[in-house]
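# missing the sequence, but the structure's below:
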């Protein structure tokens, strides 16, 4: 609808008692607000960031295991599969960091986006937010979004130096390291769940039934 | 969606007599209130965040044209398209055209209240598409052919038994013939049925909790993951959003996100908060090839200029209805349109017309709980009072109320006469009711005495008692 845009904007300006766009002096101030975003109120986080992240993630039923180095990931994945009786077929994100991991040759590994039949995925993470125990995953050739949602088990490898305190710190890192927003940013806080049947919480709604975080470092 | 808000009285009376509804609402109420309380008590910064969030929204609304234009530029820069719609008809046409151009058949949907405003499911069906609601609650009510009764828990009015029956009736065609009676099995069956729909959908339609001007992102906040499968798997992703959803920066949305889930479900964060920015990028292995945003006005720009503009701060958390005794008693369907509860009693008159919904602002005890719990500090009771005033000015109130009010005003403006009349009235009532201490029935007071007795007054009037205690005015 070509005229609708003008109608809506004109309606807004009329409601705000203005005839046209804002004065340049005003837009300059608004431009500056957008270009240099500032944090507002950040809740105090007193505990150690890594400990807080683990505690918060576990509180929402995300499982966390810590390993000293990347070469121990394979064992941690194996332990997860054993615990839940899963077959050793993995779809691993085509992430260079995960490619250099010495994987046990008992795994059958494919590196691609997820399909509907995949049971277990392994992905990296851009950051972890300690405040709420939230993972930050960015879409890209090395991290297809479907891996975060289609498989029953989602295993996320997170280096401890990627843990930040607040959500705002993750945005600052994103701007610095990536420059702009990828197609998808997923903030993930626990496994998929629903309370739509009589407000009873049930995990494993449409996304992963289990979320496992392997903390490295 | 066609409004039936004018039938509020009949519908609420029917709701009060519905035992299944009573059971379902009874289960939900305490949980919502308690979870919110715990989450907010654990956050000492809650009031500071609330204040900051209000400032952000007010700032944005005062420059709404600027932020919408900046948002649009940012979407274009990522290869997405923005479509503007003044009315729900325009919005429907835009969406149908996108679906037709995409050669779509199946359309998956994430939960969206703006989608309900424009009744997009009916429009899609009539044009030969197959819309599939994928949020479990929305899926349940789609099977039941009902509208949502709560903005974040659309099937809150349904009991588990009713859901079992619905699934049994509708899932046989997929070869699922067992009756599923446990919550885990119900959820699992929906997962199985909908998984197939997700994987075969051509278009995915989601709403938006926020739009970010800085980055051109749309945000959805969910727990199930259905919204993510909806916006990732199909070839085309359509976002529907009201024009008031725009927020300047990622930092600003971080502030409001701290309030949203806590106020809604008592979670610190919902499981999935997802930022979608344009179509998939070169090299991406998944994601939609097209990204469209439909910005809907539908009366919002008019609200911006009048005494109800604060309503545009609403972030659709549902806290007001979770704490409203009227909503808890009659449920969401009685309200007759998309938005129920206190926020709905303000929005429906403004979007559908006060003449078609005058009972809604009156169905309020003015207890103020909605305002107390609103994370955006929206003065809902004040607005409801203003709507009552407006309705009275437009002569929408029934003649008996108008005569009664005029009579009361006559006395209220004459304090001496008022005191005399109340003293006399009390004396008469007190004497008449002396024996029983209460009245079973009174002329002109059937509305009160139909459901309960009226205690007979005794002693002196309130004002006289106050005076006797020597309390100053």
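Perfect, thanks for sending it. This is a predicted model, so every value here is computed, not measured. Residues are numbered from 1 along each chain as shown, chains lettered A, B, ... in the order given.

# Could you say which helix or strand holds the residue most central in space within chain A?
The C-alpha lying nearest the average C-alpha coordinate of chain A belongs to residue A:136 (CA atoms, centre = their mean; 2.7 Å). In this structure, residue A:136 sits in strand A:134-138 according to DSSP states H and E.

# can you check residue A:65 too?
With DSSP H and E as criterion, residue A:65 is part of strand A:63-67.

# just for the chain, where's the confidence low?
By default, I'm working from chain A. A:1-2 (pLDDT under 70).

# Can you look at chain B instead?
B:471-473.

# Ignoring the adjacent residues along the chain, who's closest to the residue nearest to the centre of chain A?
Leaving aside its sequence neighbours, residue A:136 sits nearest to residue A:127 (CB to CB, 6 or more residues apart in numbering or on different chains; 4.1 Å). To be clear about C-beta, it is placed using only N, CA and C from the backbone, and glycine gets the same treatment.

# so who does the one you found touch?
When contacts are counted by CB atoms under 8 Å, 6 or more residues apart in numbering or on different chains, residue A:127 touches A:135-136, A:162-164, A:169-170, A:173.

# So what's the residue count around residue B:400?
Residue B:400 is flanked by 9 other residues according to other CB atoms under 10 Å in any protein chain shown.

# Following element in sequence after the helix or strand containing it, please.
Residue B:400 belongs to helix B:399-412 when assigned by DSSP H and E. Per DSSP H and E, the first helix or strand lying C-terminal to helix B:399-412 is helix B:415-432.

# which other helices and strands contact that next one?
helix B:399-412, helix B:462-468 (3 or more CB pairs under 8 Å, 6 or more residues apart in numbering or on different chains; DSSP states H and E).

# Need the residues that contact stretch B:257-270.
A:41, A:43, A:56, A:60, A:132, A:134, A:167, A:187, A:189, A:195, B:32, B:34-40, B:43, B:45-46, B:49-50, B:53, B:152, B:209, B:221-223, B:273, B:315, B:317-319, B:373-376.

# Just confirm residue B:218 contacts residue B:276, I think it does.
Yes. Counting by CB atoms under 8 Å, residue B:218 touches residue B:276, with 5.2 Å between them.

# For those two, list the residues in contact with both.
Common neighbours of residue B:218 and residue B:276, using CB under 8 Å, 6+ apart, are B:206, B:239.

# Surely residue A:214 is in a strand?
Yes. The assignment for residue A:214 (DSSP: H, G, I helix; E, B strand; the rest coil) places it in a strand.

# Name whatever forms a beta bridge with it.
Bridge pairing for residue A:214 (DSSP bridges) gives the partners residue A:65, residue A:157.

# follow-up on the earlier one: packing partners of the strand holding residue A:136?
Applying 3+ CB pairs under 8 Å, 6+ apart, one finds that strand A:134-138 contacts strand A:127-129, strand A:153-159, helix A:167-178, strand A:184-188.

# tilt between it and strand A:153-159?
Here the directions of strand A:134-138 and strand A:153-159 differ by 90 degrees (axes from the mean of the first three to the mean of the last three CA atoms, to 10 degrees).

# in stretch B:15-33, what counts as buried?
Within stretch B:15-33, the residues that count as buried by 16 or more other CB atoms under 10 Å in any protein chain shown are B:15, B:21-22, B:24-25, B:28-29, B:31-33.

# Identify those among these that sit within strands.
Counting by DSSP state E, no part of these is found in strands.

# If we check chain A, which of these are in contact?
Among the buried residues of stretch B:15-33, proximity to chain A is found for B:24, B:28, B:31-32 (CB under 8 Å from any CB of the partner chain).

# In helices only, show me those.
Among these, the ones falling in helices (DSSP state H) are B:24, B:28, B:31-32.

# Put together TSV for the residues you listed, with distance to residue B:292 on each row.
Below are these laid out as TSV (distance: CB to CB, whole Å):
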residue	distance to residue B:292
B:24	36
B:28	35
B:31	37
B:32	34
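
# coming back round to it: mind putting the helices and strands packed on helix B:415-432 into a markdown table with distance to residue B:99?
Shown next, in a markdown table, are the helices and strands packed on helix B:415-432 (distance: least, CB to CB, whole Å):
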| stretch | distance to residue B:99 |
| --- | --- |
| helix B:399-412 | 48 |
| helix B:462-468 | 64 |
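
# circling back to that earlier point, let's have the contacts of residue A:127 in a markdown table, adding distance to residue B:332.
Shown next, in a markdown table, are the contacts of residue A:127 (distance: CB to CB, whole Å):
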| residue | distance to residue B:332 |
| --- | --- |
| A:135 | 34 |
| A:136 | 35 |
| A:162 | 42 |
| A:163 | 41 |
| A:164 | 39 |
| A:169 | 39 |
| A:170 | 36 |
| A:173 | 42 |
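
# show me the contacts for the closest residue to chain A within the stretch 151-300 of chain B.
Closest contact between the stretch 151-300 of chain B and chain A, by CB to the nearest CB, is at residue B:225 (2.5 Å). With contact taken as CB under 8 Å, 6+ apart, residue B:225 is in contact with A:149, A:192, A:205-208, B:271-272.

# redo that, cut-off 7 Å
Residue B:225 makes contact with A:149, A:192, A:205-207, B:272, according to CB atoms under 7 Å, 6 or more residues apart in numbering or on different chains.

# so which of those residues comes closest to residue B:71?
residue B:272 (22.2 Å; CB to CB).

# what's next to the strand holding residue A:65, contact-wise?
The contact list for strand A:63-67 (CB under 7 Å, 6+ apart) reads A:54, A:57-58, A:73, A:76, A:210-216.

# Kindly report the same for stretch B:11-29.
With contacts defined as CB under 7 Å, 6+ apart, stretch B:11-29 is touched by A:198-199, B:153, B:156-159, B:162, B:328-331, B:333-334, B:336, B:363.

# that older thread, relative orientation of the strand holding residue A:65 and strand A:153-159 in degrees?
With the same axes, to 10 degrees defining the directions, strand A:63-67 sits at 40 degrees from strand A:153-159.
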